[in-house]
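>>> give the three-dimensional model of this entry:
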Amino acid sequence: MALKRGETHIAPVHLLDEKGEYNTSYLEKYLGEFALLKFIKRVQGFMVKKGNPLNINGFEDLKRVRFVNRQKGSGTRMLLDYHLNKLSIDSREINGYEREEVTHLNVAAQVASKSADCGLGVLSAAQFMGLDFIPVCFEEYDIAISKEMLYDERFKCFLEVVKSKEFKDKLFEIGGYEINSLDIIY
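You can find the predicted model right below:
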């Protein structure tokens, strides 16, 4: 929405629609004219205590543990809701579904402090908090751009950086991320 209001030139986006596709349907609905850089893929999964003592392996297991969620509208929340819907799991069956945090690191901190048994988030947050991580899927984390910005020197510099070996090496070092195609689609 910041892109639509002209408050930014580029915007990261990782929104899963009800068909299981990332980003394009939202951008078509809210932006109209846009370009999309197929940027990175990042792994999302369950962040759990070391050793996974409650044997959490899938979405069905969330019905028997204390869960901590991401806030409404976040890509991670959309991912959770997509899988719950796909598996016909009622969110009211999940203890903690309404308990919301605004970052992956906040979710991981709740699990690390034993305030929750599990949360959905990214590998880097789990590693930072010393948690185990059960991968669920890779999500597409793309960059939305106004078509005019594609010809701007600032965007060309940005593209040069994300295509560099140094950027790819740093992304690999963080863990749980991989470069997507870096194709630009319209």
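
>>> where does the chain have its least confident helix or strand?
One helix or strand of the chain scores below all others by mean pLDDT, DSSP states H and E: helix 24-30, with a mean of 90.

>>> what packs against the helix of greatest length in the chain?
Counting residues, the longest helix in the chain under DSSP state H turns out to be helix 75-86. Judged by 3 or more C-beta pairs under 8 Å, 6 or more residues apart in numbering; DSSP states H and E, helix 75-86 is in contact with strand 67-70, strand 118-122, strand 132-145. Every residue, glycine included, has its C-beta placed from N, CA and C.

>>> can you redo the ones you listed as TSV with mean pLDDT?
Listed next are the helices and strands packed on helix 75-86 as TSV, based on pLDDT from 0 to 100:
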stretch	mean pLDDT
strand 67-70	98
strand 118-122	98
strand 132-145	96
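
>>> any idea which of these is most buried?
Most buried of these, by mean neighbour count (mean count of other C-beta atoms under 10 Å): strand 118-122, with a mean of 27.

>>> output that strand as PDB, nothing but the C-alphas.
Coordinates of each C-alpha in strand 118-122 appear next as PDB, following Å, rounded to 0.1, in the frame of the first residue of the first chain:
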ATOM      1  CA  CYS A 118       5.500 -23.500  19.200                       C
ATOM      2  CA  GLY A 119       5.300 -20.700  16.700                       C
ATOM      3  CA  LEU A 120       5.500 -20.400  12.900                       C
ATOM      4  CA  GLY A 121       8.400 -18.400  11.600                       C
ATOM      5  CA  VAL A 122      11.800 -18.300   9.800                       C
END
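
>>> how about the strands in the chain?
For the chain, the strands defined by DSSP state E cover 10-13, 35-48, 67-70, 100-101, 118-122, 132-145, 177-179, 184-185.

>>> same list (the ones you listed) but as TSV, adding distance to L159.
Formatted as TSV, those follow (distance: least, C-beta to C-beta, whole Å):
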stretch	distance to L159
strand 10-13	10
strand 35-48	7
strand 67-70	29
strand 100-101	33
strand 118-122	24
strand 132-145	9
strand 177-179	12
strand 184-185	9
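
>>> ok, which of these comes nearest A112?
Smallest distance to A112 across the strands of the chain (C-beta to C-beta): 8.5 Å, for strand 35-48.
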